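A.B. asks: have a look; sequence and predicted model below, questions after that.
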Amino acid sequence: MSGFAQSPPNAVLMRFAEAEAERGGGHCALDLGCGAGRNAVPLAAKGWSVFGLDLSWPMLVAAAARGAEAGVADHLTWAMAPMESIPAADRSFDLIIAHGIWNLAPSVALFRRAVEEAARVARPDAALFVFTFSRNTLPPDVPPVPGDPFIFTQFSGRPQCFLTEDQLLQEMALVGFEADPAVPLTEYNRRRGAVATLGGPPVIYEASFRFRGG
């Protein structure tokens, strides 16, 4: 737990959030799967009002302690809730963070419910920051779970979500999120020119989107 509680924030996300604040919009952020507050607390320190959700009570306790220690508890709200059922009103947030959470979806249906929920609570022109597993983590010949085209069990033994670039862009577009050039779609940990093999760290997509839906 101490390692999670001390993990540094995502530097790309921090720069993106600073740029969003400078755009002159609102300062309400939603951190899905906030864990021990590695991103939520530094965002609060930058002036954001952050609503952090997680399914782990110990993580939320650690996040609250981290926020209190940083002197930003008044800018933070925590809730124990799933990503597919966000306890917030429609059009509540200017920035939504899905950092290492949507890849945990055990089915396409649950993934889509989570993405739809993010769209529901996004204000017009809200920003979305995504950090999630790439299909390039896995060898091209491994099959998905039957009936779930981007759910695989080969990485950890549990069903998890691994999207191709086209799938990620399409799934975001279906609910009104357009790719945003502020954080171009970037892939980390991929061995260029090599065929993926099982084992090693996951290949990760990082990107920003803009909500253009109704």
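C.D. replies: Alright, I've got the coordinates. Remember, it's a predicted structure, so these values are computed and weren't measured experimentally.
A.B. asks: got the contact list for the residue nearest to the spatial centre of the chain?
C.D. replies: Nearest residue to the geometric centre of the chain (Cα atoms, centre = their mean): residue 98, 1.3 Å. For residue 98, the contacting residues are 32-33, 83, 114, 118, 128-132, by Cβ atoms under 8 Å, 6 or more residues apart in numbering. Yep, even glycine has a C-beta here, placed from its N, CA and C like the rest.
A.B. asks: again, but for residue 128
C.D. replies: Residues near residue 128 by Cβ under 8 Å, 6+ apart: 95-98, 118, 122, 172, 177, 180, 208-211.
A.B. asks: now with 7 Å?
C.D. replies: 96, 98, 118, 177, 208-209, 211 (Cβ atoms under 7 Å, 6 or more residues apart in numbering).
A.B. asks: what's the spacing between the nearest residue to it once chain neighbours are set aside and residue 88?
C.D. replies: Using Cβ to Cβ, 6 or more residues apart in numbering and skipping the chain neighbours, the partner closest in space to residue 128 is residue 209 (4.1 Å). Between residue 209 and residue 88 the computed distance is 19 Å (Cβ to Cβ, to the nearest Å).
A.B. asks: between the two, which is the more surrounded one?
C.D. replies: Remark: of residue 209 and residue 88, residue 209 carries more neighbours, 27 against 17, as counted by other Cβ atoms under 10 Å.
A.B. asks: does residue 19 touch residue 180 like I think?
C.D. replies: No: with contact defined as Cβ atoms under 7 Å, residue 19 does not count as touching residue 180 (10.5 Å).
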